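Predicted structure and sequence below. I'll ask about it afterward.
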Amino acid sequence: MKKTKINDIRNIGIIAHIDAGKTTVTERILYYTGRSYKIGEVHDGEAVMDWMPDEQERGITITSAVTTCQWDQSEIQIIDTPGHVDFTIEVERSLRVLDGAIGVFCAVGGVEPQSETVWHQADKYFVPKIAFINKMDRIGANFFGTIDMMKERLNAVPLILQLPVGEEDAFSGVVDLVEMKQIVWDDETMGANYTKTEIPEDMVDRAREYREKMIEAISDHDDGIMEAYLSGIEIDEKQLISAVRKATIGLKLVPVLCGSALKNKGIQPLLDSIVNFLPSPLDIPPMKGVVPETDEIVECIADDRRPLAALIFKVSMIEGRKLSYVRVYSGTMKAGSEVFNPARGQKEKLSRILRMHANKKERIDATGAGMIVGVVGLKESSTGETLCDSKSPILLEQIDFCKPVISVAVEPKTHADQEKLDQVLEKYMAEDPTLEVKQDEDTGQMILSGMGELHLEIIISRMKREFNTSVNIGKPQVVYRETIKKAAEASVVFDREVAGQRHFGEVAIKLNPLGRGKGNRFRSEISHEVIPESFIPAVEKGVMESFESGVLLGYPVVDVEAVLKSGSFKESLGTYLAYTVSASMACKEALLKGEPFLLEPIMSVEIFVTESFMGDVIGDLNSRGGEIESLNSKADTQIIKATAPLSKMFGYSTSLRSATQGRGTFSMQFSHFDQR
């Protein structure tokens, strides 16, 4: 297979709110690039990228899928990500390894809540973006309304490169403001053929006006365009494309295109824009890593001749085998070779390297810088860990994982299920770092925790479908946090003989409450004469371990500062174990004195209803302990933004449908922990 040059590679993700049309856009891209021989429709359960049975049944994306296609000499590696907030980890870890993204927006819904979340996730990783306003053929489509929402909600600077020709039923094509041509698609060839014609007379003045605005916006970021613009010199197409590319990669502007993926309009110009405006691995700053022993920061330059540096961003269990998805930042990987995992200090063997197309795999002998591939053979390595050359070890930045907010008790239905359950859950936890399993010490039940009701529902469904493991489910439980109201202090002496050795340690710990969201802290106020410096880490370890399980209901303790106030040390008797245990015991005692209380997950809720149902919806929300933050209107729809405790929001979708005769919709995502 001919190797693609690094500057011709585009690693992109498709991100958006649920039902904005991400997967439909991806299916059209695969069809028009020749990767698929037919278009798979989401509503028919035949989308290539939604290959899991649960995805096909529900018509939503659950797991991010990777594929590769060719367009205009470039190799585009695409990750289609979920839009539902319960699967936000799939977006997070995908954006961590991508160089560019396409934000898909529904022309009717505009910038919806999860669109904001994924957009800001992309901002966090400094990912350049293109916006595609989809569903221009739908009733209520509003191109310029969506642009305004992008400015208001995303703090983005949209650069309009296309204007729609007609809206709703009358949508027939687009006007390209760079070429100043109208593009019209042929319905008989399912949009595969399209023609560029002169702009309709009734749109010429508007097209000139917006081309002027486009050049003006670009000139703010490009001196050459500014000079030509002020001098009245005609700016050619190549100059404009080059300037837009530079501003997009520099995160100054977001090129905006439009179309209707379902009606096969707008995809080829989107592909051209991916190649023209989004970066190759050479166009973005090199990934930085740390040398484990020296903490020296080094750059991983996208070059096959450099030492290997690659990140595992996702693990899947397909047909019982572990498949690791890897982004190679520098160097090369060969099938059958050994790689080093510095986080575990272990060598691993790459049995096979695979080029992925959703759930289909193609074996390749080797891969190089800039590539995203599947790897089989890694036994210990997991999500967020680095693979490198043992002679040039490097640790890349870990991926942030959200903590679960909802739990259910799971019990196996039969003895056969009991034997399989632990192994099955272990496999799912290896796949999904936002999933947690623990044993309840009081009841002996197995508690499964995740990001939302749908998240846990999908896991239970997959257990039955993929491993024939059936479980009984308990009522969903909220995952709380614990904290304290007032400062408290406790002193503990640990003086015992363990395994024939005497262990002594005495500490006095003071706990101070901190503001919400401040996290936990530890500091020492004692001199090294009181307790030797070498034992301070043992005290900190004991404190932090005690914070993992609070004194009320065993939930993690948050927003507390622990201060080591005093203690004592006995020569030859002081041990690491003694100071760890005494600190943990002192901490537990101080927590009891500090008037502990529970913090519950507070959710951000956005509800879309018509004016006539506003009173009933707000009344229901108030009865659930919700607090209204804002009321806005868009066309004939009222948008209610509120916060509400998760414990009161179970079954809300049913209540909302009842209160609005099935016409109300809502989205909900975790906001913070607080007391209500």
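Done, it's in. Computed from a prediction, not measured in an experiment: that's the story for all the values here.

Every contact and neighbour count from this point should use C-alpha atoms.
Noted.

What sits closest to the residue nearest to the spatial centre of the chain if chain neighbours are left out?
Nearest to the geometric centre of the chain sits residue 92, at 2.0 Å (Cα atoms, centre = their mean). Leaving out its chain neighbours, the residue that sits closest to residue 92 by Cα to Cα, 6 or more residues apart in numbering is residue 121, at 6.5 Å.

Just the C-alpha atoms of the helix or strand hosting the one you found, please, in PDB.
Assigned by DSSP states H and E, residue 121 belongs to helix 113-124. Output of helix 113-124 as PDB, limited to C-alpha atoms (Å, rounded to 0.1, in the frame of the first residue of the first chain):
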ATOM      1  CA  PRO A 113     -26.700  22.100  24.700                       C
ATOM      2  CA  GLN A 114     -24.500  19.100  23.800                       C
ATOM      3  CA  SER A 115     -23.200  21.100  20.800                       C
ATOM      4  CA  GLU A 116     -21.900  23.600  23.400                       C
ATOM      5  CA  THR A 117     -20.300  20.900  25.500                       C
ATOM      6  CA  VAL A 118     -18.400  19.200  22.600                       C
ATOM      7  CA  TRP A 119     -17.400  22.500  21.100                       C
ATOM      8  CA  HIS A 120     -15.800  23.600  24.400                       C
ATOM      9  CA  GLN A 121     -14.200  20.100  24.700                       C
ATOM     10  CA  ALA A 122     -12.600  20.800  21.300                       C
ATOM     11  CA  ASP A 123     -11.500  24.300  22.600                       C
ATOM     12  CA  LYS A 124      -9.800  22.700  25.600                       C
END
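
Okay, buried residues for that helix please.
For helix 113-124, a neighbour-count test (16 or more other Cα atoms under 10 Å) marks 113-119, 121-122 as buried.

now the end-to-end length of stretch 553-563.
24 Å (Cα to Cα, to the nearest Å).

Which positions in that stretch come out as buried?
Within stretch 553-563, the residues scored as buried using 16+ other Cα under 10 Å are 555-563.

and which of these is nearest residue 218?
residue 559 (45.9 Å; Cα to Cα).

residues in contact with the closest one?
Counting by Cα atoms under 8 Å, 6 or more residues apart in numbering, residue 559 makes contact with 483, 513-521.

How many residues are close by the closest residue to it other than its chain neighbours?
Excluding the flanking residues, the one nearest residue 559 by Cα to Cα, 6+ apart is residue 519, at 4.4 Å. Neighbour count for residue 519, taken as other Cα atoms under 10 Å: 12.

and residue 519, what are its phi and psi?
In terms of degrees, to the nearest 10, the main-chain angles of residue 519 are phi 80, psi -170.

didn't it look like it was pressed against residue 562?
No: taking contacts as Cα atoms under 8 Å, residue 519 lies outside contact range of residue 562: 11.3 Å.

helix or strand right after the longest strand along the chain?
Secondary structure assigned by DSSP state E gives strand 596-610 as the longest strand of the chain. Downstream of strand 596-610, the next assigned helix or strand under DSSP H and E is helix 614-623.

Could you point out the helix or strand that follows that next one?
Per DSSP H and E, helix 614-623 leads on to strand 627-634 as the next helix or strand towards the C-terminus.

before we move on, the earlier item: would you quantify the distance from the residue nearest to residue 559 to residue 561?
Look at residue 519 and residue 561: by Cα to Cα, they are 8 Å apart.

buried set for stretch 149-168?
Neighbour-count burial for stretch 149-168 flags 150, 154, 156-165, 167-168 (criterion: 16+ other Cα under 10 Å).

pLDDT (mean, whole number) over that stretch?
Stretch 149-168 comes out with an average pLDDT of 90.

what's the span of that stretch, first residue to last?
19 Å.

circling back to that earlier point, does the residue nearest to residue 92 touch residue 94 like I think?
No: in terms of Cα under 8 Å, residue 121 does not count as a neighbour of residue 94; the distance is 10.2 Å.

What is the nearest of the buried residues of stretch 553-563 to residue 216?
Using Cα to Cα, residue 559 is the member of the buried residues of stretch 553-563 that lies nearest residue 216, at 48.7 Å.

Need the pLDDT of the closest one.
pLDDT recorded at residue 559 is 93.

Could you list the low-pLDDT ranges of the stretch 201-350 of the chain?
Residues of the stretch 201-350 of the chain meeting the criterion pLDDT under 70: 318-320.
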